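Colleague: coords below, sequence missing:
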């Protein structure tokens, strides 16, 4: 009888300790969830269309995306399948940039990643398209740079290099490291 009571007491002790242990683990996990809530987006949106203007009231750029998430603490906005149009003098579409994903930091610097395609929309431009895997663009100064292999296709030429930098507003770009070019005569 004493042995039976000791076994029952031991069994209740094990059950009590197990319950206590599970509650402690649950509280730890809940605390972890609460601290990771800051990483959740403040808001999300689908089928976004946004236009940005200069201080003079001219269109600077237009941005479309199928989905976005904005993170307040990091001051970042993540875009899926973004399309960015830049404007010349606020009226003429100048460049169209597309990618699989983009991150906008501080409402100024956008890094586009995954199959980045850049098209020059001006009819008399010598450069027609640019492709790379990652491109960072300062939306205010229009400076851009890429540290990934870049291909440029233009009227009568094709060039590629391992890096690129330039300015969309000034229509200047420079390929850097292991640059190869092929020129064709235009007839």
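Modeller: Structure's in. What do you need? Predicted model, so just to flag it, every value in this text is computed and none were measured. Numbers count the residues shown, from 1 in each chain.
Colleague: and the residue most central in space within the chain, how close does it get to residue 109?
Modeller: Nearest to the mean C-alpha position of the chain, by C-alpha atoms, centre = their mean, lies residue 102 at 1.9 Å. Separation of residue 102 from residue 109 (C-beta to C-beta, to the nearest Å): 11 Å. (Each C-beta comes from the backbone N, C-alpha and C, glycine too.)
Colleague: sorry, back to before: name the helix or strand for the residue nearest to the centre of the chain, please.
Modeller: Under the criterion of DSSP states H and E, residue 102 resides in strand 101-105.
Colleague: mind giving me the packing neighbours of whichever helix or strand comes after that strand?
Modeller: Going down the chain from strand 101-105, the next helix or strand is strand 109-120, by DSSP H and E. Packing contacts for strand 109-120, counted by 3 or more C-beta pairs under 8 Å, 6 or more residues apart in numbering; DSSP states H and E, involve strand 92-98, strand 101-105, strand 127-138.
Colleague: and the helices in this structure?
Modeller: 2-36 (DSSP state H).
Colleague: do you know how far the residue nearest to the centre of the chain is from residue 62?
Modeller: Between residue 102 and residue 62 the computed distance is 14 Å (C-beta to C-beta).
Colleague: which residues are common contacts for the two?
Modeller: Any residue near both residue 102 and residue 62 by C-beta atoms under 8 Å, 6 or more residues apart in numbering counts here, and that gives residue 84.
Colleague: report pLDDT for residue 32.
Modeller: On pLDDT, residue 32 comes in at 47.
Colleague: then residue 89?
Modeller: 82.
Colleague: got it, and the one 5 residues further on?
Modeller: What the model reports for residue 94 is a pLDDT of 92.
Colleague: what's near enough to touch the closest residue to it other than its chain neighbours?
Modeller: Spatial nearest neighbour of residue 94, excluding adjacent residues (C-beta to C-beta, 6 or more residues apart in numbering): residue 88 at 4.2 Å. Contacts of residue 88 were listed using C-beta under 8 Å, 6+ apart, and they are 94, 122, 169.
Colleague: correct me if wrong: the first one contacts residue 87.
Modeller: Just to be clear, that refers to residue 94. Yes: shown here, residue 94 and residue 87 form a contact pair, counting by C-beta atoms under 8 Å, at 5.9 Å.
Colleague: mind listing what residue 153 touches?
Modeller: By C-beta under 8 Å, 6+ apart, the contact list for residue 153 reads 127, 128, 129, 130.
Colleague: that'll do, ta.
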